[in-house]
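Undergrad: Sequence and computational prediction follow.
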Amino acid sequence: MKPLYYLLVFSLVVPLWVEAQTQQDEKSVFTLDEAISYALTNQVAVKNARIDAQISESKVRETTGIGLPQINGSVALQHNPKLPRFYSRYTEGQPSIIDLSSIPGIKSGDVVAFQNVFQLPSNGTAGVTINQLLFSRSYLVGLKAADTYKDLAYKTEEQTQIQVVEMVTKAYYAVLVNNERITLFDNNIARVDTLLRNTAALNKNGFAESIDVDRIQVTLNNLKTERLNFLNSQSLSLGLLKFQMNYPMEKELTVVGDLKDLTVNANLFNEYQEGWDYKNRIEYKLLDTQRKLQELDIKNKYSTSLPSLSGYLNAGYGTQSPTIGGLFKTESKIASTSEFGPDKWYPYMAYGITLNIPLFSGLQRTYQIQQSKLALLKLQNNYSSLKQSIDLSIEQNTVTFKNSVETLKSQQENMGLADRVARVTKIKYEQGVGSNIEVTDAENSLKQAQINYYNALYDAIVSKIDLDKAYAKIDPSKYATAQPAK
């Protein structure tokens, strides 16, 4: 039975382990959308912004709670070893609660201190206090301000997400472009290596000089060295992408994508200008929300000068006794009936309303309102500055994008020409009508043209991302599969 048992366990556990390993490996391979989604879930800045948004929701509920009943309960036990005495001044011929004329030696104008007969040394109370706000203009303004504050927190989170999408996209394409360049290095090395073997064979048969072999060998060595250096640089690019995603640095990460599917529309900015509005920019939305908050702050300061109305209820039980222990005895004599009641804790209750009317605050409120109005004026001044900044950003990024597209077209054409020159030069050399120097020069020119092309491609991608940001075309919501932080 044991072999059968082990076989059953093995058949169940191993597939699950393999599936888990496969899923773990799949997590290290990312498309652009997956990388952005991962970053929006795990980036610390986004997590903190999301937590701030949740804090703002709690702040709204906290403000709402001010208008709900405020209930407090209390229990107090107190013992007075020395009760305070009562004092009375004796005035001859004047009526008094206690007859002081019988005290020997007393004369008119004397002050008499006598034992406290209205209070026992120990007392206890247990009660509940309820306060309910009935009307407050400041509270109503505070509710609006709390909602606006929450709106500001969510817009700040959106701004953080836009920044993360921008940085991850740039880092992602840097890795993807570098992967293409590494492939080009491999192709160039393979081609030069083939040329080296052919030239060595020609030299062996007396159809080429040894210097030709050496010259190609130098080219091959340089290509291999550059490839190695570039691989080291690529590790830095991957590290930057991991950092932008908040991906574990020690874990492998692979990006997938095809640059052939990437198109750069030269007339993109014309499409973006249709329906363009400053209000599309997140910076404008944030400034607009800050202005609303400041206006509500002014209203709140005005409202503090208005009356507020609240109601209250105090209810509970109280008792007194000569000793602390006596507070817990269960019966006492009721003076009005000369009978013993079931307990000695007697109820009390009071309720009413309070109208609070601010009359004079030492001009503090006046100057607070003045400060808030000046702060609002500063925010309003920022609108023109922000619009100018946005206009400049659009103009700069549009010019940069146009230049990048033109440069990319030129470098793509140059790379094609250099590739054709290299192929023709190699054919001519193999047919004995060209020189080895022409071949090496053509290979170097092709390598440089390829480097220029991929540099121009990356610049065009970055300028496209910057143009998207300038025209508020980056939408984190289409990547945001992230769950709220806990």
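TA: Alright, I've got the coordinates.
Undergrad: Please identify which helix or strand holds Ile55.
TA: Per DSSP states H and E: Ile55 is located in helix 44-65.
Undergrad: partners of the next helix or strand after that helix, with directions?
TA: Remark: after helix 44-65, the chain's next helix or strand is strand 70-79, criterion DSSP H and E. Sheet pairing here is set by DSSP bridges, and for strand 70-79 it gives strand 122-135 (antiparallel).
Undergrad: Show me what counts as buried in the partner strand.
TA: The neighbour-count check on strand 122-135 (16 or more other C-beta atoms under 10 Å) flags Ser122, Asn123, Gly124, Thr125, Gly127 as buried. Heads up, the C-betas are built off the backbone N, CA and C, glycines and all.
Undergrad: where along the stretch 51-200 of the chain do the strands fall?
TA: Assigned by DSSP state E, counting those that start in this stretch, the strands in the stretch 51-200 of the chain fall at 70-79, 86-89, 111-114, 122-135.
Undergrad: nearest to Tyr346, of those strands?
TA: strand 122-135 (10.6 Å; C-beta to C-beta).
Undergrad: can I have the closest one written out in PDB, keeping just the CAs?
TA: The C-alpha atoms that make up strand 122-135 are tabulated as PDB, following Å, rounded to 0.1, in the frame of the first residue of the first chain:
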ATOM      1  CA  SER A 122     -19.400  60.200  50.800                       C
ATOM      2  CA  ASN A 123     -21.300  60.600  47.600                       C
ATOM      3  CA  GLY A 124     -21.700  58.700  44.300                       C
ATOM      4  CA  THR A 125     -23.100  59.500  40.900                       C
ATOM      5  CA  ALA A 126     -23.700  57.500  37.700                       C
ATOM      6  CA  GLY A 127     -25.100  59.300  34.700                       C
ATOM      7  CA  VAL A 128     -25.300  59.900  31.000                       C
ATOM      8  CA  THR A 129     -24.800  63.200  29.100                       C
ATOM      9  CA  ILE A 130     -26.200  63.600  25.600                       C
ATOM     10  CA  ASN A 131     -25.400  66.600  23.400                       C
ATOM     11  CA  GLN A 132     -27.000  67.100  20.000                       C
ATOM     12  CA  LEU A 133     -26.000  69.900  17.500                       C
ATOM     13  CA  LEU A 134     -29.300  71.300  16.200                       C
ATOM     14  CA  PHE A 135     -28.000  74.100  13.900                       C
END
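Undergrad: for that strand, what is the average pLDDT?
TA: Strand 122-135 carries an average pLDDT of 93.
Undergrad: sorry, back to before: kindly reformat the strands of the stretch 51-200 of the chain as CSV containing distance to Asn403.
TA: Putting the strands of the stretch 51-200 of the chain into CSV (distance: least, C-beta to C-beta, whole Å) gives the following:
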stretch, distance to Asn403
strand 70-79, 65
strand 86-89, 97
strand 111-114, 100
strand 122-135, 63
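Undergrad: pLDDT below threshold where in the stretch 201-350 of the chain?
TA: Within the stretch 201-350 of the chain, the stretches with pLDDT under 70 are 261, 263, 330-343.
Undergrad: Break down it into its strands, ranges please.
TA: 254-255, 308-321, 332-334, 339-341, 346-356.
Undergrad: Which among those is found nearest to Gln380?
TA: Shortest separation from Gln380 across these is recorded for strand 308-321, at 30.9 Å, computed as C-beta to C-beta.
Undergrad: tell me the angle that closest one makes with strand 346-356.
TA: 160 degrees (axes from the mean of the first three to the mean of the last three C-alpha atoms, to 10 degrees).
Undergrad: Which strands or helices does strand 308-321 pack on?
TA: Strand 308-321 is packed against strand 122-135, helix 137-204, strand 346-356, with contacts defined by 3 or more C-beta pairs under 8 Å, 6 or more residues apart in numbering; DSSP states H and E.
Undergrad: Work out the gap between that strand and the centre of the chain.
TA: When C-alpha coordinates are averaged (C-alpha atoms, centre = their mean, to the nearest Å), strand 308-321 and its chain have centres 46 Å apart.
Undergrad: With stretch 43-61 instead?
TA: Here stretch 43-61 is found 6 Å from its chain centre; the criterion is C-alpha atoms, centre = their mean.
Undergrad: Could I get the buried residue list for that stretch?
TA: Within stretch 43-61, the residues that count as buried by 16+ other C-beta under 10 Å are Gln43, Val46, Lys47, Ala49, Arg50, Ala53, Ser56, Lys59, Val60.
Undergrad: Okay, the last one and Leu296: tell me how far apart.
TA: From Val60 over to Leu296 the distance is 13 Å, taken as C-beta to C-beta, to the nearest Å.
Undergrad: could you dump the strands of the stretch 201-350 of the chain to CSV with distance to Ala174?
TA: Listed next are these as CSV, based on distance: least, C-beta to C-beta, whole Å:
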stretch, distance to Ala174
strand 254-255, 10
strand 308-321, 60
strand 332-334, 87
strand 339-341, 88
strand 346-356, 63
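Undergrad: Quick one: those strands as a markdown table, columns for mean neighbour count and distance to Trp276 too.
TA: Listed next are those as a markdown table, based on neighbours: other C-beta atoms under 10 Å; distance: least, C-beta to C-beta, whole Å:
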| stretch | mean neighbour count | distance to Trp276 |
| --- | --- | --- |
| strand 254-255 | 16 | 32 |
| strand 308-321 | 16 | 47 |
| strand 332-334 | 13 | 84 |
| strand 339-341 | 11 | 83 |
| strand 346-356 | 10 | 51 |
